[in-house]
Every structure is written in C-alpha cells, then in structure tokens.
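Enquirer: what's the 3D shape of this:
(one chain, ligands or ions: 1)
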Amino acid sequence: MTDAIASNVVPLSWEGDRATGRLLMLDQRQLPTEEVWLKMHSAEDVARGIREMVIRGAPAIGIAAAFGMALGMRAFEGPLHERPAEFSRIRELLASTRPTAVNLFWALERCARVAERLRDADNASLTDALFNEADQIFQDDRDNNLRLGNYGAALFEGPTRILTHCNTGALATGGYGTALGVIRALHASQKLEHVWVGETRPYLQGARLTAWECVKEGIDATLITDSMAAHFMKLGQVDAVILGTDRIARNGDVANKIGTYGLAVLCKHHNIPFYVATPLSTIDLNTASGDDIEIEQRDPTEVTHIGGRQMAPEGVGVAHPAFDVTPADLVTAIITEAGVVYPPYTDTLPTLF
Ligand SMILES: CSC[C@H]1O[C@H](OP(=O)(O)O)[C@H](O)[C@@H]1O
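Expert: Take a look at the predicted model:
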C-alpha cells in the first residue's frame, strides 16, 4: 500500500470541553486569502454554517451535522423519552439545510440510532454519546479517504495528468479528501505529473479551495476555467478525470457539482477514463436512480455576483442548480475505501457493503 501523505488541513475543530466548548468551522467562503475560524455554539449555528456554505462537501457536511446534533441536545435536561420532539426538531433543522448530499442524512440517521439506544439515559450520557458518534464519523472519514486514495492511485502507472472539478479535498471531508485524496496518493507515490484544477463557477471551489490545498502541499497544479477543459482534452493533455460526489444512486448515477455531467460527456468523446472517488457513506442504495435525487437550487446572486460585485444586469433570468447528475454508463469506475467497482453498478455497488 502506498504511504499516502496525510493532509494537515481540516474543515472543523473542537475548542474546550464537551459541556461548554464549541465547534470551530473554517470559513471556506474567505479562502484562499483569509483563514477565519467561526465559533459554533448551537445546532442553529451549525445549520447556518452548512446552509451558507461556511463548510461544504458531502462528508464534511455530515460531520458538521453530527456535531450539530450533539450541540443541540446538550442544551436540554432530562432523558430523551420525556421530550422526543426536541430531538426531531433539531434533526429537521439540520436536515433542511441542503438536500443533495446524502452524507447529511446518513449522519443524522446515525445520531438517531444513538439516541434511540439512550432514550432513557440522563442527558449528559446521551450528549456524550452523540459527541462520540460525531468524533467517530470524523475519524472514520479521514481513515476511509486514506484507503480510497491508495486504491485510486493503484489504478495508474504514472506519470499521470489528472483533471478534477470542484473541491474534494481535506476541506470537503474529515481530512485528506476523496478525488483529491487519490491525487494526494498519486503525488506521494511519484505517479502524479500534473493536476488541471477546474475553477468551478460560481462558488469557485476549484480556484479558491482545491488550488489552495495543492499549493499548500506542493502539488503541481494549473488552474483552468471550466470552459477550458475540452481544449486540454483535445490537446491530449488529460489522462484521466477524477471527481467526488454528493450522492450515488443504486444504479450508479452520480450527483455531483454542476459541470460534472459535461466533463463526463467530454471524456466519452475523447476516450478518457472518468472516475468517481467516494466513501461508502455517499452511496445511497435507497435511491434507485439519479432521477430521484433532489438537485439543490441556490441563491441567484451567487451567479450574478463575484466577490460582492454585480456582474449581470438587474432583470435577467438566472439559473443556479448547484449539482447535476451523470448517468452511470459514463462512469468508468467508482473508487471507495472498500475497493474499486465497475459496471454494472446495480450489481457491483451492493458488494461493497
Ligand atoms: C468530497 S464531496 C465534495 C463534493 O461536494 C461539493 O459540493 P459543495 O461544494 O456544493 O458542497 C462537490 O459536489 C464535490 O464533489
């Protein structure tokens, strides 16, 4: 197994003891120019941080939500069976933040199973168990990323030129990353020649976050606009595309950042492998196909404004789907901590669990 470099970047941290401490969220809206940590004292603070994309990325959202449940329940007295509505209220508050990334709902379900086991326990025991669950989800995700990174790197002989989209690194996860985790593992094993980093309009996760992670770790990367991808593929300068995901349906359809589907079509045309790197926590066997995945529609001003400056006239219509769905037949393979699977995904995805 490749000795992958473990990134020292994390999107979350805890400050103080569990009784009075707070969750610290790295404000990803301020990167790459400022590293600002926001203090989250309540479930409401965490929900706002997820909704406003202070923190983003499917696994990172799930981790944040789990800490949000612990923070929310810390505020109450008495056993859960005396006030089940409070748990449901906090769970629904966090569940309402963003609809597409399945990790949010997967993490909340894990918290609900802890609470069910401790519905008669005193509140301190319940809250401590919820903090333990959040810590476990955090650590497991980082460990899983290191494993999937190695599986992904083993697919290549090197030197390899990878194109990636959005941010799938330590900032989007419990650390290390999914697609960027594979890129880190390739870098660690001297099999990475270059990374083409798609800027990823409108939130610019690629330009502001992936480029920041690459520069911090000395990974050789070139920032390109989303519209340049086809050009560099046509020049024969892209050996593979590796991306993350927010939800994979049972048939292998992939919901991911807007622009992913276009890259998959380009890969098909140019005969370039199109890989999706993901922890098992982002595979949703309860969703039959991509047609059943809700695509988040975000505030139009995220498209019309850059850095607070208006770039489009008042009155123009604006579309802002934050994700798209790539059909399974355009996905070469899915890289996970349990191994790499190939089509037909309806048959192969269940073998991972
Ligand atoms: C490792 S999951 C990263 C995944 O999340 C991103 O979405 P967002 O930044 O809106 O949370 C994007 O779809 C990435 O592929």
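Enquirer: got a list of what the spatially closest residue to I248 that is not a sequence neighbour touches?
Expert: Spatial nearest neighbour of I248, excluding adjacent residues (C-beta to C-beta, 6 or more residues apart in numbering): I283 at 4.7 Å. The way it works is simple: take the backbone N, C-alpha and C, and place the C-beta from them, glycine included. If a contact means C-beta atoms under 8 Å, 6 or more residues apart in numbering, then I283 has 102, 248, 334, 336, 349, 352 as its contacts.
Enquirer: also R74?
Expert: 18-19, 123, 127.
Enquirer: from the ligand, how far off is it?
Expert: R74 sits at a distance of 26 Å from the ligand (criterion: C-beta to the nearest ligand atom, to the nearest Å).
Enquirer: what are the phi and psi values at N271?
Expert: phi 60, psi 50 (degrees, to the nearest 10).
Enquirer: near the ligand, which residues of the protein show up?
Expert: 56-59, 166, 168, 172-173, 178, 205, 243-246, 256-257, 322 (C-beta under 6 Å from any ligand atom).
Enquirer: how about 8 Å then?
Expert: Within reach of the ligand by C-beta under 8 Å from any ligand atom, the chain has these residues: 53, 56-61, 98, 100-101, 103, 165-169, 172-173, 177-179, 203, 205, 243-246, 255-257, 260, 277-278, 282, 296, 322-323.
Enquirer: inside helices: which ones of these?
Expert: 58-61, 103, 179, 260 (DSSP state H).
Enquirer: I'd like to know which of these are buried.
Expert: Neighbour counting by 16 or more other C-beta atoms under 10 Å classes 58-61, 103, 179, 260 among these as buried.
Enquirer: which one of the residues you listed is nearest the ligand?
Expert: A58 (4.0 Å; C-beta to the nearest ligand atom).
Enquirer: how much space separates the nearest residue to the closest one once chain neighbours are set aside from T326?
Expert: Computed as C-beta to C-beta, 6+ apart, the closest residue to A58 that is not its neighbour in sequence is A101, at 3.8 Å. A101 is 15 Å from T326, where distance means C-beta to C-beta, to the nearest Å.
Enquirer: the two: which has the busier surroundings?
Expert: A101 (29 against 25; other C-beta atoms under 10 Å).
Enquirer: which single residue of the stretch 51-200 of the chain ends up nearest the ligand?
Expert: R56 (3.3 Å).
Enquirer: residues in contact with that residue?
Expert: Here R56 is in contact with 28, 50, 167, 172, 203, 205 (criterion: C-beta under 8 Å, 6+ apart).
Enquirer: before we move on, the earlier item: out of the buried ones among the ones in helices among the residues of the chain next to the ligand, who's nearest A230?
Expert: Proximity of these to A230 (C-beta to C-beta) peaks at T260, which lies at 14.2 Å.
Enquirer: so what pLDDT did the closest one get?
Expert: Looking at T260, its pLDDT stands at 98.
Enquirer: likewise R83?
Expert: Value listed for R83 in the pLDDT field: 85.
Enquirer: and for it, the neighbour number?
Expert: Considering only other C-beta under 10 Å, R83 is surrounded by 15 other residues.
Enquirer: kindly report the same for P279.
Expert: 27.
Enquirer: which parts of the stretch 251-353 of the chain are helices?
Expert: Ranges of helices in the stretch 251-353 of the chain, per DSSP state H, counting those that start in this stretch, are 260-270, 301-304, 345-348.
Enquirer: now the second one: buried residues?
Expert: Within helix 301-304, the residues that qualify as buried by neighbour count (16+ other C-beta under 10 Å) are 303-304.
Enquirer: do the same with the first one
Expert: Taking 16+ other C-beta under 10 Å as the basis for neighbour counts, the residues of helix 260-270 that come out buried are 260-264, 266-267.
Enquirer: which residues are in contact with it?
Expert: Identification of contacts with helix 260-270 by C-beta under 8 Å, 6+ apart yields 163, 165-166, 198, 229-230, 233-234, 238, 241, 243, 254, 272-274, 323-327, 330-332.
Enquirer: and whichever helix in the chain runs longest, what's buried?
Expert: Among the segments of the chain that qualify as a helix by DSSP H, the longest is helix 123-153. Neighbour-count burial for helix 123-153, counted by 16+ other C-beta under 10 Å, picks out 123, 126-131, 133-135, 137-138, 140-153.
Enquirer: what's the answer for stretch 205-223, then?
Expert: Quick answer for stretch 205-223 (16+ other C-beta under 10 Å): 205-214, 217, 219, 221, 223.
Enquirer: tell me where the stretch 1-150 of the chain has strands.
Expert: 12-15, 22-26, 37-40 (DSSP state E, counting those that start in this stretch).
Enquirer: how would you label W196: helix, strand or coil?
Expert: What DSSP: H, G, I helix; E, B strand; the rest coil gives for W196 is strand.
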